[in-house]
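Undergrad: dropping the sequence and predicted coords here.
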Amino acid sequence: MLSIIIPAYNEEENIRKTAGVLSSILTAEKLDYELIFVDDGSTDGTWREILMLSAEEDSAAAGSPIKGMRFSRNFGKEGAIFAGLRRAGGEAAVIIDCDLQHPPELIPEMVKFHRQGFEVVEAVKRTRGKEGLLYKLFAKLFYSAMKANSDIDLDKASDFKLLDRKVINALLDMPERLTFFRALSSWVGFNRTRLEFNVQKREKGKTKWSFRKLVKFALSNLTGFTYFPMQLMTFLSVIFMIFALGISVNTLVQYFHGVSAEGFTTVIILVLITGSVIMFGLGILGYYISKIYEEIKFRPRFIITQEAGFEENEQ
């Protein structure tokens, strides 16, 4: 069986269309499947739509292939993905967005590669779709920093991928609470291949990713997978040391030539620069400590408040 995991946050308008498109493609390929919608604490009618679909399918056949989980609040896409992986009953699982920007038509090809022995089939972006210049530059900077500092190449990567059961188990065995699925699924290794796709236009609704959320997401994942911020602090310290050395040499030269350095202005500039570098470094250390604090509390990644479509022995 193939499990399709679909994180959904305020996707009321897309639930029924996504389920219909996926079901028609998988049925045409004669694939045994289950659709697992994970409602990530939506505030609209997303959960209502999932319940209705699951009930309709259950009455039409013995057991519904459409299943759902509802979080007690918004825990984020990473939590939704791992919740779906935990409940997936298939020999493989596909993670796909609910807005159909990931083309479902690629799933049968993914399955073919899986049958050939590939344990991870990644769908990578040939084009990024309609994105602003600032967003593209920020994404490029983030992926470059990840690759340079962790040897994980996420350029053009997406969450749209097929994972074999062995890969799913390896991911679920990881104890960390702050997860970055895109990087973790690359870090675990296994026999993998890639498929290219063009990002599609959203069917309905608007993206839930604001620039502020993207910045927060990037910072969290950079500190979770790399030492880049700390290395940046070291780099800035070296630059400042060279700058301070230059000022020192200039001051000594002026002293031996009998010329007094302009004290007040120089001191103010040095104090401001030194203070800024120190505070910046403390901020980075504080951020890492806050992440350690979150990890050692061992709070759950998510809390499931309702489920639909699962059998008794699956609970």
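TA: That came through fine.

Undergrad: which non-adjacent residue is nearest F298?
TA: R177 (6.9 Å; Cβ to Cβ, 6 or more residues apart in numbering). Bear in mind the C-beta positions are built from the backbone N, C-alpha and C, glycine included.

Undergrad: what sits against S158?
TA: H102, E122, A123, V124, K125, R182 (Cβ atoms under 8 Å, 6 or more residues apart in numbering).

Undergrad: restricted to helices, list the residues you listed.
TA: R182 (DSSP state H).

Undergrad: out of the contacts of S158, which are buried?
TA: H102, E122, A123, K125, R182 (16 or more other Cβ atoms under 10 Å).

Undergrad: which stretches of the protein form strands?
TA: All strands of the chain, identified by DSSP state E, fall at 2-8, 33-39, 66-71, 92-95, 120-127, 161-164, 192-198, 304-308.

Undergrad: now the ones you listed in a markdown table, with distance to I278 and mean pLDDT?
TA: Converted to a markdown table, the strands of the chain look like this (distance: least, Cβ to Cβ, whole Å; pLDDT from 0 to 100):
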| stretch | distance to I278 | mean pLDDT |
| --- | --- | --- |
| strand 2-8 | 41 | 91 |
| strand 33-39 | 44 | 90 |
| strand 66-71 | 41 | 89 |
| strand 92-95 | 43 | 91 |
| strand 120-127 | 40 | 82 |
| strand 161-164 | 43 | 91 |
| strand 192-198 | 44 | 83 |
| strand 304-308 | 44 | 86 |
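
Undergrad: in JSON lines, list those strands along with distance to I289.
TA: Output for the strands of the chain, formatted as JSON lines (distance: least, Cβ to Cβ, whole Å):
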{"stretch": "strand 2-8", "distance to I289": "30"}
{"stretch": "strand 33-39", "distance to I289": "31"}
{"stretch": "strand 66-71", "distance to I289": "28"}
{"stretch": "strand 92-95", "distance to I289": "32"}
{"stretch": "strand 120-127", "distance to I289": "34"}
{"stretch": "strand 161-164", "distance to I289": "33"}
{"stretch": "strand 192-198", "distance to I289": "35"}
{"stretch": "strand 304-308", "distance to I289": "30"}
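
Undergrad: pull out the buried residues from stretch 108-116.
TA: Neighbour count says stretch 108-116 has M110, V111, F113, H114 buried, by 16+ other Cβ under 10 Å.

Undergrad: state the number of residues packed around L236.
TA: 14 (other Cβ atoms under 10 Å).

Undergrad: next one: the one 10 residues further on
TA: Summarising burial for G246: neighbours were counted as other Cβ under 10 Å, giving 10.

Undergrad: how much space between it and L35?
TA: Applying Cβ to Cβ, to the nearest Å, the value for G246 to L35 is 64 Å.

Undergrad: same deal with D99?
TA: With Cβ to Cβ as the criterion, D99 and L35 are 15 Å apart.

Undergrad: what about those two, which has more around it?
TA: Counted by other Cβ under 10 Å, D99 and L35 do not tie: L35 has more neighbours, with 25 against 22.

Undergrad: that one and G84, how far apart?
TA: With Cβ to Cβ as the criterion, L35 and G84 are 10 Å apart.

Undergrad: likewise Q101?
TA: If you go by Cβ to Cβ, the gap between Q101 and G84 works out to 18 Å.

Undergrad: who has more neighbours out of the two?
TA: Between Q101 and G84, counting by other Cβ under 10 Å, G84 is the more crowded of the two (22 against 19).

Undergrad: show me the contacts for that one.
TA: Counted by Cβ under 8 Å, 6+ apart, G84 has contacts S3, I5, I6, P7, I36, V38, M69, A93, I95.

Undergrad: the same query, at a cut-off of 6 Å, please.
TA: Contacts for G84 (Cβ atoms under 6 Å, 6 or more residues apart in numbering) come out as I5, I36, V38.

Undergrad: from those residues, which is closest to A157?
TA: Taking Cβ to Cβ as the measure, A157 lies nearest I5 of the contacts of G84, at 17.1 Å.
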